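**Student:** Okay, predicted coordinates and the sequence, questions at the end:
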Amino acid sequence: MSVLDAIVRLYREWDGDQAFSEYMIMNVVAGELWIHHEDKSRMQKELRLCLNSLIENGDIAKTSDLYKPLGKALNTLAEYNRTERRYQETISSQNKMFWATLFSALAAMGSAYAAFKGLNIK
């Protein structure tokens, strides 16, 4: 999603109805120093794979060697963000349930211990 987000961000920041090269997209995704990275060819292959996938999904269009976001890109990003938010809410809820269960178990053990001690006093 970072590639699609980068393309949409570039499109919003630049004036007009402009398309962007792989180089410009890579600068946003990986930073401007990616060209000096020892794995730059692997990074470019990964970017091309992502771009081809986005073209297949209808999120971006390719004209010659330039890429431009389509309207579906916003829907895809919105759905991704919604899914991520739900995931985070689920994780938070599960953590709260874990702690509630742990404290309930400790309270039950304390209650059982107190009841056991109370029976032994007589």
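**Tutor:** The structure has been received and is ready for your questions.

**Student:** now for the one helix or strand Thr83 maps to, which elements pack on it?
**Tutor:** According to DSSP states H and E, Thr83 maps onto helix 72-121. The contact analysis (3 or more CB pairs under 8 Å, 6 or more residues apart in numbering; DSSP states H and E) places helix 72-121 against helix 2-13, helix 40-57. Where C-beta positions appear, they are placed from N, C-alpha and C, glycine not excepted.

**Student:** Quick one: mean pLDDT over the shortest one.
**Tutor:** Per-residue pLDDT values over helix 2-13 give a mean of 88.

**Student:** now it, how far from the centre of its chain.
**Tutor:** 15 Å (CA atoms, centre = their mean, to the nearest Å).

**Student:** tell me which residues in it are buried?
**Tutor:** Using 16 or more other CB atoms under 10 Å as the test for burial, helix 2-13 gives 3-8, 10-11.

**Student:** Equivalent analysis for the longest one, please.
**Tutor:** Of the residues in helix 40-57, those scored as buried under the neighbour-count criterion (16+ other CB under 10 Å) are 43-44, 47, 50-51, 54.

**Student:** what's the farthest-apart pair in those?
**Tutor:** For the buried residues of helix 40-57, the maximum inter-member distance is 16.5 Å, found between Met43 and Leu54 (CB to CB).

**Student:** Point out where the protein drops to low pLDDT.
**Tutor:** Flagging of the chain using pLDDT under 70 yields the residue ranges 121-122.
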